[in-house]
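Undergrad: Next one to model:
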Amino acid sequence: MTREYLVVYEKTADNWSAFSPDIPGCGSLGDTLEDTRINMREAMEIYLSETAKAAEPIPAATASIVNIDEFDPEHEIKQYFVEWLAVQLPQSVAPTTEMQAA
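TA: Residues are numbered from 1 along each chain as shown. You can find the predicted model right below:
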């Protein structure tokens with residue numbers, strides 16, 4: 001089972017970074033956008049797997065918009081890419097009403 005989470009990619013002078021508003025503290029870096037996408041998917045899947053192993057709830061995919069001013073109020077980063085990134089949910093997660101609605 002997969003779920004799509006909103007992911008924000010930021011281009012800096014040296015690399016790309018990524019984060020998902022629905023999964024605080026989970027982020028990734030890469031030399032290219034595609035590297036960062038691959039790394040972010042892996043980071044998110046590890047995060048979700050460890051969350052399930054700890055018997056904690058899997059974060060819902062609720063973010064639908066991104067307010068750049070919240071994390072870049074001075075608009076220092078000039079290039080962003082935002083997408084819905086499909087990640088594999090841990091198999092130990094039983095489908096719930098919340099998950100079916102996502």
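Undergrad: Kindly provide the distance from the residue nearest to F19 when sequence neighbours are not counted to N67.
TA: Nearest non-adjacent residue to F19, counting by CB to CB, 6 or more residues apart in numbering: G27, 4.3 Å away. Just so you know, the C-beta spots here come from the backbone N, C-alpha and C atoms, and that holds for glycine as well. Using CB to CB, to the nearest Å, G27 is found at 17 Å from N67.
Undergrad: Quick check: phi and psi on the residue most central in space within the chain?
TA: Nearest to the geometric centre of the chain sits S20, at 3.3 Å (CA atoms, centre = their mean). When read as degrees, to the nearest 10, the backbone of S20 gives phi -120, psi 130.
Undergrad: returning to what we had before: what's the neighbour count on the residue nearest to F19?
TA: Counted with other CB atoms under 10 Å, the neighbours of G27 add up to 19.
Undergrad: same question, V87
TA: By other CB under 10 Å, the residues close to V87 number 20.
Undergrad: E45 versus the residue nearest to the centre of the chain, what's the distance?
TA: To E45, S20 is 12 Å away according to CB to CB.
Undergrad: swap in A63?
TA: Distance, A63 to E45, by CB to CB: 18 Å.
Undergrad: For the protein, just list every one of the helices.
TA: 33-53, 68-71, 97-101 (DSSP state H).
Undergrad: Check the contact between L89 and E4; I expect there is one.
TA: No - if you go by CB atoms under 8 Å, L89 and E4 don't touch, sitting 10.8 Å apart.
Undergrad: what about these two, which has more around it?
TA: With neighbours defined as other CB under 10 Å, L89 and E4 compare such that L89 has more, 17 against 12.
Undergrad: L89 - nearest residue in space that isn't next to it in sequence?
TA: M1 (4.8 Å).
Undergrad: I'd say the one you found and S92 touch.
TA: No - using CB under 8 Å, M1 makes no contact with S92, being 11.1 Å away.
Undergrad: Since that was my last question, I'll sign off now.
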